[in-house]
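K.L.:
coordinates only, sequence not included:
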């Protein structure tokens, strides 16, 4: 089971989600999306794995502070130890930075690049944020693998369409370039004919006298 939440502090609302337990966290780790940001309580405490799905054009560096606060409060509220403590750190990084090895327990992860992990401090639980998110909570049993495959297929189609668009643009520009060259050649030819005509007229005038 996956729990979904809407962070409606932005428009359109940001999507937050997390697994019910560590075994479902495994599936989320395996079938996450490249645009997913993973959140977890720091200080070696246990908590839910909360994910934020970025919108197109968004990066981990331009996530609105209000959305970060929502994600952090959701992590804190779903940490048995962290929920009781003040001034805890929340780690967050892109899904692609999560590292999973065969010897790790279910739900356990490491990082490919420690420097790519960001931290934010949460002073205390803010109930109105947790309650607001709770009112948007829905549950589902998604086929995570299918969703990822569909997402990847759509991305491939978009990339192919972009390649076609670029080729069509290149053809159009090349055609315009050829037309401009032909126009320049034609203009040069007209100018040459005019000069020849003027020269001939001058000769006829000389011969007349």
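P.N.:
Looks like it came in fine. Small disclaimer: the values here were computed from a predicted structure and weren't measured. Numbers count the residues shown, from 1 in each chain.

K.L.:
for the longest helix anywhere in the chain, what is the average pLDDT?
P.N.:
Across the chain, the longest stretch assigned as helix under DSSP state H is helix 144-208. For helix 144-208, mean pLDDT rounds to 81.

K.L.:
equivalent analysis for stretch 104-117, please.
P.N.:
91.

K.L.:
what's in contact with it?
P.N.:
Under the criterion Cβ atoms under 8 Å, 6 or more residues apart in numbering, residues 21-23, 25-26, 29, 49, 91-94, 96-101 lie in contact with stretch 104-117. Heads up, the C-betas are built off the backbone N, CA and C, glycines and all.

K.L.:
out of those residues, which sit inside strands?
P.N.:
Cross-referencing these against strands under DSSP state E gives 91-94, 98-99.

K.L.:
using TSV, lay out these together with distance to residue 133, neighbour count and pLDDT.
P.N.:
Converted to TSV, these look like this (distance: Cβ to Cβ, whole Å; neighbours: other Cβ atoms under 10 Å; pLDDT from 0 to 100):
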residue	distance to residue 133	neighbour count	pLDDT
91	19	17	97
92	16	23	98
93	21	22	98
94	22	20	98
98	23	19	96
99	28	12	94
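
K.L.:
check the residues you listed against residue 63 and report the nearest one.
P.N.:
Closest approach to residue 63 among the ones in strands among the contacts of stretch 104-117 (Cβ to Cβ): residue 92, at 8.7 Å.

K.L.:
list the contacts for the closest one?
P.N.:
Contacts for residue 92 (Cβ under 8 Å, 6+ apart) come out as 37-40, 60, 68, 71, 117-120.
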